[in-house]
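> Provided below for reference: sequence and predicted model.
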Amino acid sequence: MDNTVAIIFLVGLALLFDFLNGFHDAANSIATIVATRVLSPRYAVLWAAFFNFIAFAFFGLHVAGTIGKGIVDIAQVDSYVIFGTLMGACSWNLATWYFGIPSSSSHALVGGLIGAALVKAGPSALVVQGIMKTLAFIVISPVVGMLLGLTFGAIVYNLFARSTPAKVDHLFRKGQLLSAAAYSLGHGGNDAQKTMGIIAGLLFSAGYLGKEFHIPLWIVLACHAAIALGTMTGGWRIVKTMGNKLSKLRPVDGFCAELGASLVLFGASAIGVPISTTHTITGSIVGVGTLKGIRAVKWGIAGQIVWAWIITIPAAALISAATYELAVMAFKG
């Protein structure tokens, strides 16, 4: 296949992954606001998609740099590695969407990079520091999200202890519009950058970006547009799991969960860590849910979600490695 045609195809495949990321992770952005009936699903996805798109104006590109050159050695990245990476990530996203499992698109992408790079060049191709930081935040992001959700919930519950339920509900129905917007900003600011890193890494390795690794504006805008379109399409199977099965939510609960999760996303984006929006909002929902008692959280569902987190990186890596091998055999012989 002509190299230019291959590059165009892979950029398109990367944007498809970005679309699937928004589609898959729409649940994270809108589950609480739909579950509390503050907005209908149709208006909720439009609200989330808008803030997904404009996130490029609020965040730097630290996460894109981490994905582009901080997970595997940029010298080992080529069209075959990117193809394997994207096929691994897209396949895992579609499988988990089908079964309604809120797994991490981010970690599927990281797993895809690791799998293809390992097959091509062995362990020396991996940037251990970047991988370890990403792995650490598999634990850190939901734990901090849970603590923040718990803390905000405790503060709000105490502040409004003497208010009538009707007054609290009315106030936080409006407040949840703001917290959902903040969460969607964080989602777009962290997740869209992962695809930017993949596309920029591909173009840099092919010599299209010159001698310095950077993220052109057209890549930034294209990735934010793709994730916003995916969010507008919505992954309703996962919305049901996140919004209804994990813990029963009221507007005040949704507000506290989204606020806690958005702060985790803002912090991670600022330091360039590609974290899972799924893990983060799950932790926050669990944190708020525990304020109503341990039994208010359906721990069996939470356990299933945690298992999905554990297997995402190795599963995506295996698919990526197999796809890389098949592509090399088909086109290199």
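Yes, it's here.
> can you tell me how far residue 122 sits from residue 112?
Residue 122 is 17 Å from residue 112, where distance means Cβ to Cβ, to the nearest Å. To be clear about C-beta, it is placed using only N, CA and C from the backbone, and glycine gets the same treatment.
> neighbour count: these two, which is higher?
residue 112 (35 against 10; other Cβ atoms under 10 Å).
> report the rounded mean pLDDT for the strand or helix carrying that one.
Using DSSP states H and E, residue 112 falls within helix 105-121. If you average the pLDDT over helix 105-121, you get 92.
> check which element follows it along the chain.
Counting by DSSP H and E, what follows helix 105-121 is helix 128-159.
> for that following helix, packing partners?
helix 62-69, helix 105-121, helix 251-271, helix 277-290 (3 or more Cβ pairs under 8 Å, 6 or more residues apart in numbering; DSSP states H and E).
> quick check: which of those helices is buried the most?
Of all the helices and strands packed on helix 128-159, helix 277-290 has the most neighbours on average by mean count of other Cβ atoms under 10 Å, namely a mean of 29.
> so which bits of the helix or strand just after that one are buried?
With elements assigned by DSSP H and E, the helix or strand that comes after helix 277-290 is helix 299-332. Neighbour-count burial for helix 299-332 flags 301-302, 305, 308-309, 311-313, 315-324, 327-328 (criterion: 16 or more other Cβ atoms under 10 Å).
> tell me the secondary structure at the residue sitting furthest away from the middle of the chain.
Note on the chain: the largest C-alpha distance from the chain mean falls to residue 162, namely 37.9 Å (Cα atoms, centre = their mean). Secondary structure for residue 162, judged by DSSP: H, G, I helix; E, B strand; the rest coil, is coil.
> ok, back up a step: wait, which of the helices and strands packed on helix 128-159 is closest to residue 148?
Minimum separation from residue 148 across the helices and strands packed on helix 128-159 (Cβ to Cβ) falls at helix 251-271, 3.2 Å.
> chain center to that closest one, what's the gap?
Between the centre of helix 251-271 and the centre of its host chain there is 13 Å, according to Cα atoms, centre = their mean, to the nearest Å.
> and that helix, what does it pack against?
Using 3+ Cβ pairs under 8 Å, 6+ apart as the test, helix 251-271 ends up in contact with helix 3-35, helix 62-69, helix 128-159, helix 165-205, helix 277-290.
> what do you get if the cut-off is 6 Å, keeping everything else the same?
helix 3-35, helix 128-159, helix 165-205, helix 277-290 (3 or more Cβ pairs under 6 Å, 6 or more residues apart in numbering; DSSP states H and E).
> other residues contacting the helix or strand just after the longest one?
Read that as helix 165-205. Under the assignment DSSP H and E, the closest C-terminal helix or strand after helix 165-205 is helix 217-233. Residues from elsewhere that reach helix 217-233 (Cβ atoms under 6 Å, 6 or more residues apart in numbering): 15, 18-19, 21-23, 26, 45, 48-49, 52-53, 56, 192, 195-196, 199.
> quick check: buried residues in helix 217-233?
219-220, 222-232.
> touching, residue 79 and residue 6? I think so.
Yes: with contact defined as Cβ atoms under 6 Å, residue 79 and residue 6 form a contacting pair (5.0 Å).
> can I get stretch 64-72 as PDB, trimmed to CA atoms?
Output in PDB follows, covering the C-alpha atoms of stretch 64-72 (Å, rounded to 0.1, in the frame of the first residue of the first chain):
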ATOM      1  CA  ALA A  64      -1.200  14.200  24.000                       C
ATOM      2  CA  GLY A  65       2.500  14.400  24.500                       C
ATOM      3  CA  THR A  66       2.500  11.500  26.900                       C
ATOM      4  CA  ILE A  67       0.600   9.300  24.500                       C
ATOM      5  CA  GLY A  68       2.600  10.400  21.500                       C
ATOM      6  CA  LYS A  69       6.000   9.700  22.900                       C
ATOM      7  CA  GLY A  70       5.700   8.700  26.600                       C
ATOM      8  CA  ILE A  71       4.300   5.200  26.400                       C
ATOM      9  CA  VAL A  72       6.500   3.600  23.700                       C
END
